[in-house]
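K.L.:
Predicted model follows, preceded by the sequence.
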Amino acid sequence: VRRATYWCPELQADDPAKKGVCSNFLCDTGPGDEVKMTGPSGKVMLLPEQNPDTDIIMVATGTGIAPYRSFVRRLFTEKTPAGTAYSGTAWLFL
């Protein structure tokens, strides 16, 4: 994990308002620190099985792009019944 910073040309300094939450939390931990981790359980980011021509709009606003990359891969690369039947448009905004 790497700390992400944003250099503000007006302030001529790093802008603390644009500080990432998760990456900075991980960067601030030290060796041996306990970190509670949880993850998704059950069905998450389901493919549209009932209506395969449904358009999907994904917006990565601070949580990162990784979950959406996995979803797009599952939708268009892996040979799943829902992915094979999918005929909608998938939009990903960063």
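P.N.:
Arrived safely, thanks for sending.

K.L.:
What is the subsequent helix or strand relative to the longest helix along the chain?
P.N.:
Secondary structure assigned by DSSP state H gives helix 66-76 as the longest helix of the chain. Scanning the chain past helix 66-76 towards its C-terminal end, the next helix or strand to appear is helix 81-85 (assignment: DSSP states H and E).

K.L.:
related to what we said a few turns ago, residues contacting the longest helix of the chain, please?
P.N.:
Met45, Leu47, Ile56, Met58, Ala60, Thr80, Ala82, Gly83, Tyr86, Ala90, Leu92 (C-beta atoms under 8 Å, 6 or more residues apart in numbering). Quick note: C-beta positions are derived from backbone N, CA and C, even for glycine.

K.L.:
Next up, the contacts around the closest residue to the third one other than its chain neighbours.
P.N.:
In space, not counting the residues next to it along the chain, Ile56 is nearest to Ala90; the distance is 4.6 Å by C-beta to C-beta, 6 or more residues apart in numbering. Under the criterion of C-beta under 8 Å, 6+ apart, the contact list for Ala90 reads Asp55, Ile56, Met58, Val72, Leu75, Phe76.

K.L.:
quick one: Ala90 from Arg3, how far?
P.N.:
Distance check for Ala90 against Arg3: by C-beta to C-beta, to the nearest Å, it reads 31 Å.

K.L.:
What of Thr38?
P.N.:
Counting by C-beta to C-beta, the gap between Thr38 and Arg3 amounts to 23 Å.

K.L.:
Sweet, I'm off.
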